[in-house]
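Asker: fold the following for me, if possible:
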Amino acid sequence: MGEWFTREIADTGRLRLFCFLLAFIAGFLFIRFSVRMIRRQVRWWPGNVTPGGHHIHHVVFGLVFMCVGGVGGLSVQDGSSGWAVATAAVFGVGTALVLDEFALVLHLEDVYWSEQGRLSVEVVFITIALCGLLLLGLRPLGVDDVAGDGLWAVAAVLVFDMLVALVALLKGKIWTGLIGLFIGVVAVVGAVRLARPDSPWARRRYRPGSRKERRARKRERRYRRPVQRLGDWLGDVIAGRPSISAGTGGADEDEPRRGKIRRSS
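Answerer: Numbers count the residues shown, from 1 in each chain. Below is the predicted model:
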């Protein structure tokens, strides 16, 4: 294991990315554990950070950590030094805290325990997957494969990969489009197959009641929804199930003693 780590991580310059990813996962698991303890009103857990009665969301702490880790990392020249590893880890924790409240930042509303709050968990999972691909040595858009073939070859690969990935994203295939930036054939498959029925591509190009629209909805029911239910179940196991009272901005029915203070930091 030590030889593998040295050969695949340290010697390839991926040590900071490795530490970032570990800290990111640890930070996400910790903050989700924290908010679930607060949601259950466990007495031995510290609870929300509310100086003067004002609830400070943990996205604020995440921004501070990202600034400290990011600026500190820019000042470290040796990428394998202890300081480089430490700043990468701080940046990873900060990123986890921010992305865990991605839905709140997007909607400018506390939707943490609502159905809309699932978006934060999905963004975290996507981030972990993309960092994992980078750790495996994959590079976005396949530029390394044609780096020696000249400027025009590199430009052609970039344009092609970006276009097919963009088409996949417009068709509502987020995972396919993002992973396709690293593995081009994945984006190509996503680009040529039917769009999801509620995607921007389908709304503009599939007429209501058309054959393509009917096929897209049939495929959604048969293939996509079971996968979505599995993903939602996994997200609920790790991050907690959304509140039944999801339409009111994420306030949780299980927090009567906390009044207007909604969730944790």
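
Asker: C-alpha only now, for contacts and for neighbours.
Answerer: Fine.

Asker: which positions in the longest helix belonging to the chain come out as buried?
Answerer: When the chain is parsed with DSSP state H, its longest helix is helix 15-39. Taking 16 or more other CA atoms under 10 Å as the neighbour-count basis, helix 15-39 is seen to contain the buried residues 15-28, 31-32, 34-39.

Asker: try stretch 197-215
Answerer: With the criterion 16+ other CA under 10 Å, stretch 197-215 contains buried residues 197, 201-202, 206, 212-213, 215.

Asker: kindly report the same for stretch 159-175.
Answerer: Using 16+ other CA under 10 Å as the burial criterion, the residues of stretch 159-175 that qualify are 161-175.

Asker: could you do stretch 88-105 as well?
Answerer: Using 16+ other CA under 10 Å as the test for burial, stretch 88-105 gives 88-104.

Asker: also stretch 52-61?
Answerer: For stretch 52-61, burial by neighbour count (16+ other CA under 10 Å) applies to 55-59, 61.

Asker: sort out for me which of the residues you listed are in helices.
Answerer: Checking the buried residues of stretch 52-61 against DSSP H, those in helices are 58-59, 61.

Asker: how about the buried residues of stretch 197-215 in TSV, adding distance to Val189?
Answerer: What follows is those, written out as TSV (distance: CA to CA, whole Å):
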residue	distance to Val189
Pro197	17
Trp201	15
Ala202	17
Tyr206	19
Lys212	17
Glu213	19
Arg215	17
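
Asker: farthest pair within those residues?
Answerer: When the buried residues of stretch 197-215 are compared pair by pair using CA to CA, the two farthest from each other are Trp201 and Arg215, 14.3 Å apart.

Asker: ok, which stretches of the stretch 101-250 of the chain are strands?
Answerer: Listed in chain order, the stretch 101-250 of the chain contains no strands at all (DSSP state E, counting those that start in this stretch).

Asker: so, low pLDDT: which residues of it?
Answerer: 141-150, 244-250 (pLDDT under 70).
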